[in-house]
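Peer 1: What follows is a protein structure lacking sequence information:
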């Protein structure tokens, strides 16, 4: 088995609906940031000690956290207030907010230009609210709003191609936005299964990994959009993370509550690791080969080590 359970970290109980959502790790400071949507807060975990540190409040319906180690910044998408937050590790209380589109969710960042995109879920009752907001972080302002075909999911940035990629739930596709001209959709790739959800990039091979609600993971060429391989999953996926050194892709599946470990070299499932019903999000500490699964029913994080 690749993943071995090390233990659990108790986190604050939910004050409202929503549980946990997207998370990310800032390795230099040994800090993990996880969106605690039910508490309108981001919980902070010390990855060196595997201990809860504190919660950052005032982030209404926070949907995700994204770290830029190149810039030493953390971003959050605050779905309940149509903003993104920006702060530095150890200076979380100095965060500033920038207005974006309707219900921001997925985030991706170009550290060379300081450009952040927020993929907005939108509201069916508000015309043209499915969009991607483009933010100049240094200027602290939104500089463009790009209309997209429908509800967005997660997003990634490909530095080699200078492209942002964003999953669209329906019609099933991945859109690409050129970081050199982030004012429009540059190209679109059809995805041959319903509900593109989790999205990850392997910079070494130029492959996008797209996990779909239909229970299928696709490897897609980032340059052409060609589908290179696929593998069945244990259920509808959400968050996915790639560990390039081990060649493992971790897929969080809330029902039945497992992590699928995929070998990206062979594109085969290596193991299925039980977590907890509803555990649809995880984080990866590449420095220590640890995977954190967030358990909404017991208000904990399960900590695994990858021995591969």
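Peer 2: Received, thanks. What you are looking at is a predicted structure, and each value in this text was computed from that prediction instead of being measured.
Peer 1: who's in contact with residue 22?
Peer 2: For residue 22, the contacting residues are 34, 35, 63, 64, 65, 66, 77, 154, 239, 281, by CB atoms under 8 Å, 6 or more residues apart in numbering. (Each C-beta comes from the backbone N, C-alpha and C, glycine too.)
Peer 1: most neighbours, which of these?
Peer 2: The most neighbours of any of the contacts of residue 22, using other CB atoms under 10 Å, belong to residue 77, which has 31 neighbours.
Peer 1: which SSE is that residue in?
Peer 2: When secondary structure is defined by DSSP states H and E, residue 77 falls within strand 73-78.
Peer 1: average pLDDT for that strand?
Peer 2: Average pLDDT, strand 73-78: 98.
Peer 1: what does that strand rub up against?
Peer 2: Taking CB under 8 Å, 6+ apart as the criterion, the residues outside strand 73-78 that touch it are 22, 24, 26, 33, 35, 42, 59-68, 84-89, 92, 97, 100, 104-107, 109, 116, 118, 137.
Peer 1: Among the residues you listed, name the buried ones.
Peer 2: Buried members of the contacts of strand 73-78, counted by 16 or more other CB atoms under 10 Å: 22, 24, 26, 33, 35, 42, 59, 61-68, 84-87, 89, 92, 97, 100, 104-107, 109, 116, 118, 137.
Peer 1: quick revisit: what are the pairing partners of the strand holding residue 77, and which direction each?
Peer 2: Paired neighbours of strand 73-78 in the sheet (DSSP bridges): strand 62-68 (antiparallel), strand 83-88 (antiparallel).
Peer 1: Tell me who's in contact with residue 175.
Peer 2: Shown here is residue 175, whose contacts under the criterion CB under 8 Å, 6+ apart are 132, 148, 149, 165, 166, 168, 185, 187, 188, 189.
Peer 1: Can you list the strands that whichever helix or strand it is part of pairs with?
Peer 2: Counting by DSSP H and E, the secondary-structure element that holds residue 175 is strand 173-178. The partner list of strand 173-178 in its sheet, established with DSSP bridges, is strand 163-168 (antiparallel), strand 187-190 (antiparallel).
Peer 1: Deepest-packed of the ones you listed, please.
Peer 2: For the strands paired with strand 173-178, ranked by mean neighbour count under the definition mean count of other CB atoms under 10 Å, the leader is strand 163-168 at a mean of 26.
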